[in-house]
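Novice: Provide a 3D model corresponding to the input given below.
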Amino acid sequence: MSAISDFIGVSARTNVEEAIAKARANESFHAILSYAEARALERADMVDRGEITGSLAGVPFIAKDNFLTLGGTTTAASKMLENFQAPLQATAIEKLEAAGAICIGKANLDAFAHGGSTENSAFGPTKNAIDQERVAGGSSGGSAVVVALGIVPFALGTDTGGSIRQPASFNGVVGIKPTYGTVSRYGVVAMASSTDTIGVLTSNTHDAALVMDIMSGQDAKDMTTLPDFFAPAKLEGTKRIGVIKEAMTDDVDADVRNVTNDYIEKLRAAGHEVEEVSLSLLKYALAVYYIVVPAEISSNLGRYDGIRYGHRAQATRLTELYGSSRDEGFMTENKRRIMIGSYVLSSGFFDAYYLQAQKVRTLLINEFNNLFQTFDVLIAPVAPTPAFKIGENASDPIKMYLADVMTVPASLAGLPAMSVPAGVNQQGLPIGVQLIGKRKDDALLLALAESMEENA
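Specialist: Numbering: from 1, shown residues only. Got it, this is the predicted structure:
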């Protein structure tokens, strides 16, 4: 894997050319959907001439293909947007480019970020960086794989219910989901507006903090963004850490529990106080998530009607145009979530499902807040298992949804959470550990993870 420091002080054109060459040499992983080679080389030459400067000058990166970028298509890995040319760039991309970074391409994902394996891409699945018979995780699977393969030092992802953390765990890289509102969502294809966050996948925690510092801050184009609060820092003193006992049951793979326990012992050895805690509502979080999020998806995907932009089917009547365009443009999982969302928002079911789910969500937030009165950080596995085989869960959506059981609680509560590489199982598959902090404690999580890296 590569670090940002490996690219500093080197010809930007060399950085870009070598990254693209390495990407093309690893196309069997199907992690990248498109390249922005012409624009990337043009920007690289501007860096080399001193016309573009900044802390990331000449550093190549890859963005998940639901970020609007110039110089190529933004497909969200869907047939609906297969030929869409964005007229503007996402705020996160603009901030990184202002710091001199160079986007060389777009990473594969589950279509519209709906999925946990990157098998739901309209253009084919991404393969795990360690074992090509296994999934990359999702929905930011392509972003995790390009970092794990050392193609670029960092890649952008989105995390709605674990879509950065789970693929980071499956591929042995660092992935952070920040506090909700830390990074502007402007210019990113919406999934669920109340849990969508913009984050990064890197080979080390220091690089994650550097990129997050650049991307974070208030944006007038996104009214949910928070005033700038993020500032990278070194860990000061020891911390109180709570192990979520409901995430360490026999339902979790034994290797995952063993790796998590090993990380916990390392925390103790570093002087941190670690105790078992209860998050009693964890068992309800997945049910809440798959009511609230599909409801928001059904609203956000309503704009794709075959009229304004996106795929347009051949039709002779307006209703046929709507129906056929959406049928041809959306994947099965997209349709499933639209149907679930429409159902829970419909008359007669809104009170029974959606309203009740939001009430439980509030209780979950309160339970987290109570724990953070005593503890600085919570710890749990990222996923119940290491990466599973491609096709293993494809026919069972419930089994696929269960892969998110550990990650959705922090998303529903808007809390910062990150996956850090913690070990491997007997087959050599990576296993990550999840650190969860209270709102705006993103820098603390990164500082704790970095201190553990330095002492490894």
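Novice: so where do the helices sit in this protein?
Specialist: Under the criterion DSSP state H, the chain contains helices at 12-25, 37-48, 91-98, 141-148, 165-171, 205-215, 254-269, 282-300, 318-329, 332-345, 356-371, 397-401, 408-413, 442-455.
Novice: average pLDDT for the shortest one?
Specialist: Which is helix 397-401. The average pLDDT within helix 397-401 is 89.
Novice: closest one to Gly72 among the helices of the chain?
Specialist: With respect to Gly72, and counting by Cβ to Cβ, the nearest of the helices of the chain is helix 37-48 at 7.6 Å. (Each C-beta comes from the backbone N, C-alpha and C, glycine too.)
Novice: List just the one of the helices of the chain that sits closest to Lys245.
Specialist: Closest among the helices of the chain, using Cβ to Cβ: helix 282-300, at 9.4 Å.
Novice: could you say what helices and strands that closest one packs with?
Specialist: Packing partners of helix 282-300 (3 or more Cβ pairs under 8 Å, 6 or more residues apart in numbering; DSSP states H and E): helix 332-345, helix 356-371, helix 408-413.
Novice: switch to 10 Å and redo it
Specialist: If you count contacts as 3 or more Cβ pairs under 10 Å, 6 or more residues apart in numbering; DSSP states H and E, helix 282-300 packs onto helix 332-345, helix 356-371, helix 397-401, helix 408-413.
Novice: which residues touch Ala383?
Specialist: 116, 137, 162, 165-167, 169-170, 252-253, 256, 402-407, 419, 431-432, 434 (Cβ atoms under 10 Å, 6 or more residues apart in numbering).
Novice: What subset of the residues you listed is buried?
Specialist: Those of the contacts of Ala383 that meet the buried threshold are 116, 137, 162, 165-167, 169-170, 252-253, 256, 402-407, 419, 431-432, 434, by 16 or more other Cβ atoms under 10 Å.
Novice: Do a quick rundown of the strands in the stretch 51-200 of the chain.
Specialist: 60-64, 102-107, 154-159, 174-177, 197-202 (DSSP state E, counting those that start in this stretch).
Novice: Stretch 366-385 spans what distance, first to last residue?
Specialist: In stretch 366-385, first residue to last residue: 28 Å (Cα to Cα, to the nearest Å).
Novice: what about it, average pLDDT?
Specialist: pLDDT averaged over stretch 366-385 gives 98.
Novice: What are the buried residues along that stretch?
Specialist: 367-368, 371-372, 375-385.
Novice: Next: stretch 26-36.
Specialist: Residues of stretch 26-36 classed as buried by neighbour count (16+ other Cβ under 10 Å): 26, 29-36.
Novice: any idea which of the residues you listed is closest to Tyr284?
Specialist: Distances from Tyr284 to the buried residues of stretch 26-36, taken by Cβ to Cβ, are shortest for Ala31, at 34.6 Å.
Novice: quick one: pLDDT of that closest one?
Specialist: 98.
Novice: Tell me who's in contact with the most far-flung residue of the chain relative to its centre.
Specialist: Each residue of the chain has a distance to the centre, and by Cα atoms, centre = their mean the biggest one is for Thr316: 40.2 Å. For Thr316, no contacting residues are found, by Cβ under 10 Å, 6+ apart.
Novice: With Gln427 instead?
Specialist: 130-131, 134, 255, 386-387.
Novice: and if you look at Val360?
Specialist: Contacts of Val360 (Cβ under 10 Å, 6+ apart): 281, 284-285, 287-288, 291-292, 412.
Novice: switch to 6 Å and redo it
Specialist: 284, 288 (Cβ atoms under 6 Å, 6 or more residues apart in numbering).
Novice: One more: Gly138?
Specialist: 110, 115-118.
Novice: now swap in Ser193 and tell me
Specialist: Ser193 makes contacts with Glu296, as judged by Cβ under 6 Å, 6+ apart.
Novice: next one: phi and psi at it?
Specialist: With angles defined as degrees, to the nearest 10, Ser193 sits at phi -70, psi -20.
Novice: please renumber so the chain begins at 324
Specialist: Got it, the first residue is 324 from now on, which makes the last one we talked about Ser516.
Novice: That one and Ala610: what is the separation?
Specialist: Distance, Ser516 to Ala610, by Cβ to Cβ, to the nearest Å: 20 Å.
Novice: Show residues contacting the helix or strand of the chain with the lowest mean pLDDT.
Specialist: Every helix and strand of the chain was ranked by mean pLDDT, DSSP states H and E. The lowest is helix 720-724, at a mean of 89. Here helix 720-724 makes contact (Cβ under 6 Å, 6+ apart) with 439, 716.
Novice: coming back round to it: buried deepest among the strands of the stretch 374-523 of the chain, which one?
Specialist: Ranked by mean neighbour count, those are led by strand 497-500 with a mean of 32 (mean count of other Cβ atoms under 10 Å).
Novice: outside of that strand, which residues touch it?
Specialist: 482, 487-488, 491, 520, 522, 524-525, 528, 531, 740-743.
Novice: center of this structure - which residue?
Specialist: In the chain, the C-alpha nearest the mean C-alpha coordinate belongs to Ile487, at 2.5 Å (Cα atoms, centre = their mean).
Novice: these two touch, right, that residue and Leu479?
Specialist: No: proximity of Ile487 to Leu479 does not meet the contact threshold set by Cβ atoms under 6 Å, at 9.2 Å.
Novice: Val469: which of the buried residues of stretch 689-708 is nearest?
Specialist: Closest to Val469, out of all of the buried residues of stretch 689-708 and judged by Cβ to Cβ, is Val705, at 19.1 Å.
Novice: Quick check: that closest one touching Arg488?
Specialist: Yes: using Cβ under 6 Å, Val705 makes contact with Arg488 at a distance of 5.2 Å.
Novice: what sits in contact with each of those two?
Specialist: Contact criterion Cβ under 6 Å, 6+ apart; residues shared by Val705 and Arg488: Ser742.
Novice: thinking again about what came up before, nearest to Thr398, of the buried residues of stretch 349-359?
Specialist: Leu356 (6.3 Å).
Novice: With Gln489 as the reference, measure out to that closest one.
Specialist: 20 Å.
Novice: next one: Arg336
Specialist: 35 Å.
Novice: likewise Ala703?
Specialist: For Ala703, the distance to Gln489 - Cβ to Cβ - is 13 Å.
Novice: Identify the contacts common to these two.
Specialist: By Cβ under 6 Å, 6+ apart, no residue touches both Ala703 and Gln489.
Novice: show me the contacts for the nearest residue to Ala430 once chain neighbours are set aside.
Specialist: Take Ala430 and drop its neighbours on the chain: the residue closest to it by Cβ to Cβ, 6 or more residues apart in numbering is Gly465, 3.2 Å away. Listed by Cβ under 6 Å, 6+ apart, the contact partners of Gly465 are 354, 430-432, 449.
Novice: In TSV: the residues you listed, plus distance to Tyr627.
Specialist: TSV is the format used below for those (distance: Cβ to Cβ, whole Å):
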residue	distance to Tyr627
Ala354	25
Ala430	21
Asn431	20
Leu432	16
Thr449	23
